[in-house]
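Engineer: Need a 3D model of the sequence below.
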Amino acid sequence: MGVQLLDKLGFNSDFDSTAPGTRRKAPVRIAIACAVYAFSAPMVGWTQTNIWADLFVLGELWMWTSTNPSAYARHATRARFERVGATLVATLGWVMLGLFYWFADTNSVSRPIAVALLAGVILYAQKSCDKTPIHMAATAMPPGMLLIALPFTAHLPPFQTIAFECAILILVGFGGSSAILGLKGWADLKAANEELIDERETARAASRAKSEFLANMSHEIRTPLNGVVGVVDVLSRTELSDEQHRMLDIVRESGATLERLLSDVLDISRIEAGRIEIETRAFVPADAVRAVMALSAMRATEKGVALVADIAPELEAAAMGDVVRVKQILGNLMSNAVKFTEAGEVRLTAGPCEHNGCPALRFEVKDTGVGFDASDKDRIFGRFQQADGSITRKYGGTGLGLSISRQLAALMGGELDCVSEPGKGSTFSLVLPFEAAPQAAGDIQPLHAATAAQDLEPAVAAEGESMAQNRPMRVLLADDHPVNRKVVELILGGAGVELTSVEDGKQACEAFQPGAFDIVFMDMQMPVMDGLTAVRLIRAREAVEGMRTPILMLTANALPEHIAAGDLAGADGHLAKPISAAALLAALDKARAFAGEQQAKAA
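Structural biologist: Numbers count the residues shown, from 1 in each chain. As a prediction, the model looks like this:
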């Protein structure tokens, strides 16, 4: 009961929150007191002024000690009571000075000064002490009660006394009501602020839950998709009829579409959460264009659409930027151009330009496809939107690609725009800021990519001597999912490798010996011991032996933070599931080549 009463009076965190401000304003109060002292001593007398000064100093010293953070840390309730006591002492000092002015006989202005002085204390309470009732009462009540009583000591005619009293009541009432309204406003503001904080935390929790859900769903979807894509790759290398090959192509294309949709949804989620990170490193824009053209070549050939690349010589020089995002945008534009073009050509033009008065790169993807109306321009850049949004639309797709591409362009400081005309094709233009790389293009190392095994960095030291004996490559695979292990086994079955499969990171560490394997494929999310922990332990053991085996994270965890975590643990690359036979075999070739290099260096 007592605790509840104290809380209602304001002995709570709200009262504590004003302590730093009260402590911080001490120099201002002291400066005002010095000025008042110098002004008051000649008018009310040195003795009376010194009495007030003593009370003021006592109150300020007590206030300084009671607002000390360490005092709250030791005993908050005691510090609150002491602070109220200090406030009362300081206030009574000012009230006493007002009385000295009121009863001074020096001149006729002393009483107006007394009223102004006491009214000032009330206004100070209304302005600075309205966050808790106890603070407001301790500061405003003494001068308010005195002001109400003073007219009856003035020995004025009854009518003047009543008029004076009414004026005082209006003044006190204004100050008191303002303080009460301020207190209520503070309480309302605090409640609204707490509500906003709760809503913000709820939104953050929802965002985190959504991100975790999408990450988990990405992992869970990629795992069975890895089985589909991997087995299809294996089957495609066997003897099949033309009809069976066509059916496999359908399955392969469906798997690629599903993977693309999954990546798009994850990108949208990360953009919404502000978690997309734009990397800045050296790359050759011309190489990026050629890589994108190569990816679109097969589909264009199947449709009989010509692909043309016009690359300015300036793009052979190295630039700074996020090559992965550049290729993602250009790849999406090229994919759309080929998809919506039945005959003619798709032309990708790349060259230097100026954007907002600064050097930039301009990429144009022009097709002779179906085109669209100008009124559909905003529509196609929306999420899940296409120019043909009817239920009978001819072309599939989710409509996420262009929305993601435009937002990625904006994040890189550029812009993505388009012009089109029905039946005459479309031109999409991507403009990105250009900054020359500090190193020559020929010195640029292959960029680390999440799904490209050929980008495995040469941080490898396999046992070259045994490789010279043309023995089979020895591969260690750690994956907790039996389907994933079977897919890798099927893909590597015809590659003449010695495959050792384990189910978790602990078993991988037990099976691994420095120099015993030529490459390690490590899943990230496994029971008993996760892949990152296993990689760190393996690297620690290798450091003692002075050897290094290539380790690739082979995982359905494909977000940028997962790639960064693998790099930090000591992995040499990241292969995101679903994994293709070509990527897996390319990793083996890379490891074999690096092992040969190590052997040559040793010789």
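
Engineer: Residue 331 and residue 292 touch, don't they?
Structural biologist: Yes: using CB atoms under 8 Å, residue 331 makes contact with residue 292 at a distance of 5.1 Å. For every residue, glycine as well, the C-beta is placed using N, CA and C.

Engineer: higher neighbour count, the two?
Structural biologist: Between residue 331 and residue 292, residue 292 has the larger neighbour count (other CB atoms under 10 Å), namely 25 against 19.

Engineer: helix, strand or coil for residue 296?
Structural biologist: Secondary structure, DSSP: H, G, I helix; E, B strand; the rest coil: residue 296 is helix.

Engineer: Show me how far stretch 493-509 is from its chain's centre.
Structural biologist: 37 Å (CA atoms, centre = their mean, to the nearest Å).

Engineer: same thing with stretch 338-355?
Structural biologist: For stretch 338-355, the distance to the chain centre is 34 Å (CA atoms, centre = their mean).

Engineer: Stretch 223-237 too?
Structural biologist: On CA atoms, centre = their mean, the centre of stretch 223-237 falls 35 Å from the chain's centre.

Engineer: and what of stretch 247-257?
Structural biologist: 35 Å.

Engineer: outside of it, which residues touch it?
Structural biologist: 225, 228, 229, 232, 233, 235, 236, 240, 396, 578 (CB atoms under 8 Å, 6 or more residues apart in numbering).

Engineer: In PyMOL, select just the buried ones from these.
Structural biologist: Only the buried entries of these go into this PyMOL selection, using 16 or more other CB atoms under 10 Å:
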select buried, resi 225+228+229+232+233+235+578
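
Engineer: biggest separation within the contacts of stretch 247-257, which pair?
Structural biologist: 240 and 396 (26.2 Å; CB to CB).

Engineer: Contact partners for residue 117?
Structural biologist: Residue 117 neighbours (CB under 8 Å, 6+ apart): 94, 97, 98, 101.

Engineer: State the helix or strand in which it lies.
Structural biologist: helix 110-128 (DSSP states H and E).

Engineer: Return the set of buried residues in that helix.
Structural biologist: 110-111, 113-115, 117-119, 121-126, 128.

Engineer: got a list of contacts for stretch 222-242?
Structural biologist: 245, 248, 251-252, 255-256, 258-259, 262, 481, 483-484, 486-488, 490-491, 493-494, 556, 558, 576-582.

Engineer: Report the backbone C-alpha coordinates of that stretch in PDB.
Structural biologist: Below are the C-alpha coordinates for stretch 222-242, written out as PDB (Å, rounded to 0.1, in the frame of the first residue of the first chain):
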ATOM      1  CA  ARG A 222      16.800 -25.900 -51.100                       C
ATOM      2  CA  THR A 223      17.500 -29.300 -49.500                       C
ATOM      3  CA  PRO A 224      14.900 -31.300 -51.500                       C
ATOM      4  CA  LEU A 225      15.500 -29.100 -54.500                       C
ATOM      5  CA  ASN A 226      19.200 -30.100 -54.300                       C
ATOM      6  CA  GLY A 227      18.100 -33.700 -54.700                       C
ATOM      7  CA  VAL A 228      15.900 -32.900 -57.700                       C
ATOM      8  CA  VAL A 229      18.600 -30.900 -59.500                       C
ATOM      9  CA  GLY A 230      21.400 -33.200 -58.600                       C
ATOM     10  CA  VAL A 231      19.700 -36.400 -59.700                       C
ATOM     11  CA  VAL A 232      18.500 -34.700 -63.000                       C
ATOM     12  CA  ASP A 233      22.100 -33.800 -63.700                       C
ATOM     13  CA  VAL A 234      23.200 -37.400 -63.100                       C
ATOM     14  CA  LEU A 235      20.400 -38.800 -65.200                       C
ATOM     15  CA  SER A 236      21.200 -36.400 -68.100                       C
ATOM     16  CA  ARG A 237      24.600 -38.000 -68.400                       C
ATOM     17  CA  THR A 238      23.100 -41.500 -68.900                       C
ATOM     18  CA  GLU A 239      21.700 -43.000 -72.100                       C
ATOM     19  CA  LEU A 240      18.200 -41.700 -72.500                       C
ATOM     20  CA  SER A 241      15.800 -41.400 -75.400                       C
ATOM     21  CA  ASP A 242      15.100 -38.000 -76.900                       C
END
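
Engineer: OK, contacts around residue 352?
Structural biologist: 312, 314, 315, 359, 360, 361, 362, 434.

Engineer: one step back: nearest to residue 145 among the contacts of stretch 247-257?
Structural biologist: For the contacts of stretch 247-257, the nearest to residue 145 is residue 225 (80.1 Å; CB to CB).

Engineer: how about that closest one, secondary structure?
Structural biologist: helix.

Engineer: hey, which helix or strand in this protein has the poorest pLDDT?
Structural biologist: helix 464-467 (a mean of 39; mean pLDDT, DSSP states H and E).

Engineer: in the stretch 301-450 of the chain, which spans are helices?
Structural biologist: 323-339, 377-380, 401-411 (DSSP state H, counting those that start in this stretch).

Engineer: Of these, which is nearest residue 192?
Structural biologist: Of all the helices of the stretch 301-450 of the chain, helix 401-411 comes closest under CB to CB, at 32.6 Å.

Engineer: Check the contacts of residue 117 and tell me the two furthest apart.
Structural biologist: 94 and 101 (10.7 Å).

Engineer: thinking again about what came up before, pLDDT on the helix or strand just after the least confident helix or strand of the chain, on average?
Structural biologist: Sequence-wise, the next helix or strand downstream of helix 464-467 (DSSP H and E) is strand 473-478. Model confidence over strand 473-478, given as mean pLDDT, is 92.
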